[in-house]
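output the structure for:
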Amino acid sequence: MGAVTFEVLAFGKTADDAFRNALEDATHMHGHGGYTGTIAEKSSIEVIPKREHKGKQKRHYAHQLIEDRDERIRHKWGPAGAINCSGTAAAKRYREQHGLKGKHGDVWLFFGWASH
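Numbers count the residues shown, from 1 in each chain. Below you'll find the model as predicted:
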């Protein structure tokens, strides 16, 4: 089986909560059979420190890490990358689209390689 890249936004009080929410959504939409090419294939995350992406476009930075095959997220069986997107236009849109305005928590971007 091969590998493909994925990226997904999710909301949670913590990065782990958002990750669990992203996993639930992906398994609901893509099934439980494995090799979906989605975050459903991941069992852990690697939070990218804010100092690395501060002042940068979050998705662009995530794409750069994927393109560079950053050691932390390059393996299809390894962790997904996680970047806190709170305060960005994308996070604001996500909150509005999902009825999360005023709820406590953060929007996270999860990304990386997944088995397909």
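
which other helices and strands contact the helix ranked longest in the chain?
Longest helix of the chain, by residue count under DSSP state H: helix 15-30. The contact analysis (3 or more C-beta pairs under 8 Å, 6 or more residues apart in numbering; DSSP states H and E) places helix 15-30 against strand 3-12, strand 45-47, strand 80-84, strand 106-115. Using the backbone N, CA and C atoms, a C-beta is placed for each residue, glycine as well.

residue contacts, the nearest residue to residue 74 once chain neighbours are set aside?
Of all residues not flanking residue 74 in the chain, residue 113 sits nearest, at 6.4 Å (C-beta to C-beta, 6 or more residues apart in numbering). By C-beta atoms under 8 Å, 6 or more residues apart in numbering, the contact list for residue 113 reads 3-6, 66, 73-76, 78.

what do you get for residue 42?
19, 23, 79-80, 110, 112, 114.

do that again at 10 Å, thanks
6, 19, 22-23, 26, 73, 76-81, 110, 112-115 (C-beta atoms under 10 Å, 6 or more residues apart in numbering).

do the same with residue 88
57-59, 94, 107, 109.

pull out the buried members of the contacts of residue 42.
6, 19, 22-23, 26, 73, 76, 78-81, 110, 112-115 (16 or more other C-beta atoms under 10 Å).

what does the pLDDT read for the residue nearest to residue 50 when sequence neighbours are not counted?
Leaving out its chain neighbours, the residue that sits closest to residue 50 by C-beta to C-beta, 6+ apart is residue 84, at 6.7 Å. pLDDT, residue 84: 98.

one more: residue 33?
On the pLDDT scale, residue 33 gets 68.

next one: residue 103
At residue 103, pLDDT is 92.

residues in contact with it?
11, 13, 95 are the contacts of residue 103 under C-beta under 10 Å, 6+ apart.

got it, and residue 101?
By C-beta under 10 Å, 6+ apart, the neighbours of residue 101 are 92, 95.

which strand residues bridge the residue at minimal distance from the centre of the chain?
Note on the chain: the residue nearest the mean C-alpha position is residue 110, at 0.8 Å, using C-alpha atoms, centre = their mean. Beta bridges link residue 110 to residue 8, residue 82, judged by DSSP bridges.
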